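Peer 1: 3D model of this:
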Amino acid sequence: MIKGGKGGSNTQTGLRFEERINLSTAIDLLDDYEVKEDDVLKLGKKVAQLFTKNKLYKNLLEGNGVDYKKIISKRLLPDEAILIGNTLFIVEMKFQYVAGSVDEKLQTCDFKRKQYVKLLEPIGIKVEYIYVLNDWFKKEEYRDVLSYVESVGCHYYFNEIPLKVIGL
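Peer 2: Numbering: from 1, shown residues only. Sure, this is the predicted structure:
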């Protein structure tokens, strides 16, 4: 992971995010990629699948015979998730403009990542947990929290996710 995250302007090297853009739209902006329903296509060939909120449970887990209630006690609803190969990337977008509750939410990534790992283990899917943050979180006061995020195996980027990180 790139310490301190980086955000570039070239949409061909990264998925670029703004406050109201979702993963599907960010992918659609890339040359050679398109999203049809929840499938990500590169030059017409399926390379990934998107899951938002409850679709993770309905389409991925139930579709593979997994009853989440037997594994975890409460559903976790990701902002976005993308399955590439046998890795599910949970993508949480946090955009802040004033101090508030998002500050503490960053500290929950370890618990959530572990829950997703337990949930997806029965079907052999690995989990990566990623935050996409806006520039608000570049402030010195977030140094310790961002260090913690990395120390527990989660990742963060500012305004974009480099394509090479998720294998697109």
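
Peer 1: least confident secondary structure element in the chain?
Peer 2: None of the helices or strands of the chain scores lower by mean pLDDT, DSSP states H and E than strand 14-16, at a mean of 65.

Peer 1: I'd say Asn64 and Ile123 touch.
Peer 2: Yes - Asn64 lies in contact with Ile123 (CB atoms under 8 Å); the separation is 4.6 Å. All C-beta atoms are positioned from the backbone trio N, CA, C, and that covers glycine.

Peer 1: quick one: the strands in this structure, in order.
Peer 2: Assigned by DSSP state E, the chain shows strands spanning 14-16, 33-36, 39-42, 45-51, 80-84, 87-94, 126-133, 155-158, 160-162.

Peer 1: a markdown table for these, including distance to Ile27 and mean neighbour count?
Peer 2: Formatted as a markdown table, the strands of the chain follow (distance: least, CB to CB, whole Å; neighbours: other CB atoms under 10 Å):
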| stretch | distance to Ile27 | mean neighbour count |
| --- | --- | --- |
| strand 14-16 | 6 | 22 |
| strand 33-36 | 5 | 16 |
| strand 39-42 | 6 | 16 |
| strand 45-51 | 8 | 17 |
| strand 80-84 | 8 | 21 |
| strand 87-94 | 11 | 21 |
| strand 126-133 | 13 | 21 |
| strand 155-158 | 15 | 21 |
| strand 160-162 | 10 | 21 |
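
Peer 1: reformat those as TSV; add distance to Lys112.
Peer 2: What follows is the strands of the chain, written out as TSV (distance: least, CB to CB, whole Å):
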stretch	distance to Lys112
strand 14-16	21
strand 33-36	25
strand 39-42	23
strand 45-51	15
strand 80-84	12
strand 87-94	7
strand 126-133	7
strand 155-158	13
strand 160-162	18
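
Peer 1: and those, which one is worst for confidence?
Peer 2: Of all the strands of the chain, the segment with the smallest mean pLDDT is strand 14-16, scoring a mean of 65.

Peer 1: the residue nearest to the spatial centre of the chain pairs with what?
Peer 2: Ranked by distance to the mean C-alpha position of the chain (CA atoms, centre = their mean), the top residue is Val91 at 1.4 Å. Following DSSP bridges, Val91 is listed with bridge partners Glu80, Ile130.

Peer 1: quick one, what contacts it?
Peer 2: Leu23, Pro78, Asp79, Glu80, Ala81, Ile82, Ile130, Tyr131, Val132, Ile161 (CB atoms under 8 Å, 6 or more residues apart in numbering).

Peer 1: from Ile72, how far out is the last one?
Peer 2: The one in question is Ile161. 26 Å (CB to CB, to the nearest Å).
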